[in-house]
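1. Sequence first, predicted coordinates after that:
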Protein chains: 2
Amino acid sequence: MKAANFADRMLDACAAKGGPVCVGLDPRWEDLPARIRGGHGEDLEGRAAAVMEFNRAVIGIVAPLVPVVKPNIAFFEAMGAPGFRCYLDTVAAAKEKGLLVIGDVKRGDLGNTAEAYARAHYDLAGADALTLNPYLGLDSLEPFLRRCREDGRGCFILVKTSNPGSADLQDLEVGNLRVFEEVAVMVRGWAAAPGLVGARGWSSMGAVVGATHPAEAALLRRMLPTIPFLVPGYGAQGATAADCVPSFDAKGEGAVVNSSRGILLPWKKGPLAEKHGEARWEKAVEEATLEMREALRAALPKGK
Amino acid sequence: MKAANFADRMLDACAAKGGPVCVGLDPRWEDLPARIRGGHGEDLEGRAAAVMEFNRAVIGIVAPLVPVVKPNIAFFEAMGAPGFRCYLDTVAAAKEKGLLVIGDVKRGDLGNTAEAYARAHYDLAGADALTLNPYLGLDSLEPFLRRCREDGRGCFILVKTSNPGSADLQDLEVGNLRVFEEVAVMVRGWAAAPGLVGARGWSSMGAVVGATHPAEAALLRRMLPTIPFLVPGYGAQGATAADCVPSFDAKGEGAVVNSSRGILLPWKKGPLAEKHGEARWEKAVEEATLEMREALRAALPKGK
């Protein structure tokens, strides 16, 4: 049986969980609660085991509350081979809890190399969707798109990223458009290809659109009315719930908003740290998740 | 003691080995000699062990003949956690034999994520240089550049890649220039920053310039006279030694030319397969390396 279209799965999951929150799993061993760090060694094996304990706890807390998690593989690669294993185990643990998993890998390479990455991150790691870099063009995306068409996977193409340096290349003016708008035009074409569009009209090819650029997000939402957006930049990077609204459609659908440190580490500083502290870090993570879900609910137009 | 500048190390190594050949380590288990595959299991552990045996043999053969190897991590990630370990072991094995290692990882991410990748691939894996994607802009490169300035590392920014799809984004016209030319202008500025330029005037920030686009390579060499080029596309992708010449300066310096399948798998088809076959695959690898070195020597202008 053919797997359901990724966009359909994402929209269903957002509805089922009552909000479009994506929890970014960017774990740095140095940031973990001392109680967890103390239970393991300080070599790479020990660090990866501590991170895994933390990730399992976070996944258990957020699984009833959010549709999606997004582990960023950089933080796992920084723990060597045990870290790579921890990434794979984290994806598996999230899927076991019924969460969709966006593997934030930002890969982009050509031909048979792209095929190897697709095999690694869809077939083997089992991520439902991946973030991908468009600099190498459509042929570099094809092995990923085949899995979107045939195996219910999704992808989010970097269009306008949340960092200040995104201006360097992405904002260059190409005739009447900027580079990121040209990429959006290409994504619009690629995303409409047979096999990618789901029952609800959305494509399984999505776009990464930083919440730190709300004007550009509004423009991109008009250009790409049926492309799911993955929206980073909320919280620690400075964007508010209001800044995220332009990434959604008029029904308040079609995007997920990521927060990483804001949900993983609210017990480090701020009101939830004062309320719970490190001793009750799990409670702080839960409340931060609920607060973000509520903030987005309040800001977004009501569905149907 | 501060490590020597990467560009100096690369130019010295090319001179010492008598040619600018870079051996691309893109190992697919399916392609290995049956004798090696048969000595290991077929699960991921076994596949990674077989690939490691092959890589060690190839490294032993090419170490006296070439300055640089370039493992592409995608092929290792496709073997899961044992594959990631195999990547680390391959980098270490090449360095033990005195080879420079370019980790072909094509990473590109922002802020603290870029820092995690730099830590993973320079500090932990130990690669001398990395390939990096420019789509996220200068701030995404900064953690890598810090190691170039302080720790003798190098990087090669994707400017004009060797695949046909590189035209999609890289060839878009931005006013008077194409996107890849704009990237080149940026790289030129970034590469001249204090701490990056070595004793011979070359920067430790390089560029990836596909040999499949010789006209663009000639233009880029004029635009970037002191930026080392990593030149993919030779052999299996169709470029000849003559196509690589424009990537070098008038003295025949400043670039390394990569071949992957052409050097790893000459015993599969073609004259060296007829001569040696799989039984003497090591001999075929050695002769393919020598042939490539000789072809580049014959095509390049003579040094000084």
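-> Received it, and whenever you're ready, just let me know what you need.
2. Break down chain A into its strands, ranges please.
-> Per DSSP state E, chain A carries strands over the ranges A:21-25, A:68-71, A:100-107, A:129-132, A:154-160, A:173-174, A:177-178, A:205-209, A:229-231, A:255-259.
3. and the ones you listed, which one is worst for confidence?
-> Among these, strand A:173-174 carries the lowest mean pLDDT, a mean of 84.
4. residues from the stretch 151-300 of chain A in reach of chain B?
-> Neighbours of chain B within the stretch 151-300 of chain A, by Cβ under 8 Å from any Cβ of the partner chain: A:158, A:161-170, A:172-175, A:179, A:182-183, A:186. C-beta coordinates here come from the backbone N, C-alpha and C atoms, glycine included.
5. Quick check: PyMOL command selecting the buried ones in those residues.
-> To isolate the buried members of those in PyMOL, using 16 or more other Cβ atoms under 10 Å in any protein chain shown:
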select buried, chain A and resi 158+161+162+163+165+166+167+168+169+170+172+174+179+182+183+186
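6. so which residue of the stretch 151-300 of chain A comes closest to chain B?
-> Relative to chain B, the nearest point of the stretch 151-300 of chain A is A:G165 (2.9 Å; Cβ to the nearest Cβ).
7. ok, now how distant is that residue from A:A242?
-> Using Cβ to Cβ, to the nearest Å, A:G165 is found at 24 Å from A:A242.
8. Please name the residues that touch the residue of chain A most remote from its centre.
-> Here chain A reaches farthest from its C-alpha mean at A:G175, the gap being 31.5 Å by Cα atoms, centre = their mean. Taking Cβ atoms under 8 Å, 6 or more residues apart in numbering or on different chains as the criterion, A:G175 is in contact with B:173-175.
9. Which of the residues you listed sits closest to A:E282?
-> A:E282 lies nearest to B:V174 out of the contacts of A:G175, by Cβ to Cβ, at 49.5 Å.
10. my read: the closest one touches A:N176, true?
-> No - using Cβ atoms under 8 Å, B:V174 is not in contact with A:N176; the gap is 11.4 Å.
11. re earlier: in helices, which of the residues of the stretch 151-300 of chain A next to chain B appear?
-> Mapping these onto helices (DSSP state H) picks out A:166-170, A:179, A:182-183, A:186.
12. How many residues are close by A:G233?
-> Counted with other Cβ atoms under 10 Å in any protein chain shown, residues neighbouring A:G233 total 25.
13. so who does A:R221 touch?
-> Counting by Cβ under 8 Å, 6+ apart, A:R221 makes contact with A:229, A:246-249, A:254.
14. Identify the spatial nearest neighbour of the most centrally placed residue in chain A, chain neighbours not counted.
-> The C-alpha lying nearest the average C-alpha coordinate of chain A belongs to A:K70 (Cα atoms, centre = their mean; 4.2 Å). Leaving aside its sequence neighbours, A:K70 sits nearest to A:I102 (Cβ to Cβ, 6 or more residues apart in numbering or on different chains; 4.3 Å).
15. What of A:P164?
-> Using Cβ to Cβ, 6+ apart, the nearest residue to A:P164 is B:D139, at 6.0 Å.
16. so the one you found makes contact with A:S162?
-> No - using Cβ under 8 Å, B:D139 is not in contact with A:S162, being 11.1 Å away.
17. Which neighbours do these two have in common?
-> Common neighbours of B:D139 and A:S162 (Cβ under 8 Å, 6+ apart) are B:L110.
18. before we move on, back to that, JSON lines for the ones in helices among the residues of the stretch 151-300 of chain A next to chain B, including pLDDT?
-> Listed next are these as JSON lines, based on pLDDT from 0 to 100:
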{"residue": "A:S166", "pLDDT": "95"}
{"residue": "A:A167", "pLDDT": "96"}
{"residue": "A:D168", "pLDDT": "95"}
{"residue": "A:L169", "pLDDT": "95"}
{"residue": "A:Q170", "pLDDT": "97"}
{"residue": "A:V179", "pLDDT": "96"}
{"residue": "A:E182", "pLDDT": "95"}
{"residue": "A:V183", "pLDDT": "97"}
{"residue": "A:M186", "pLDDT": "96"}
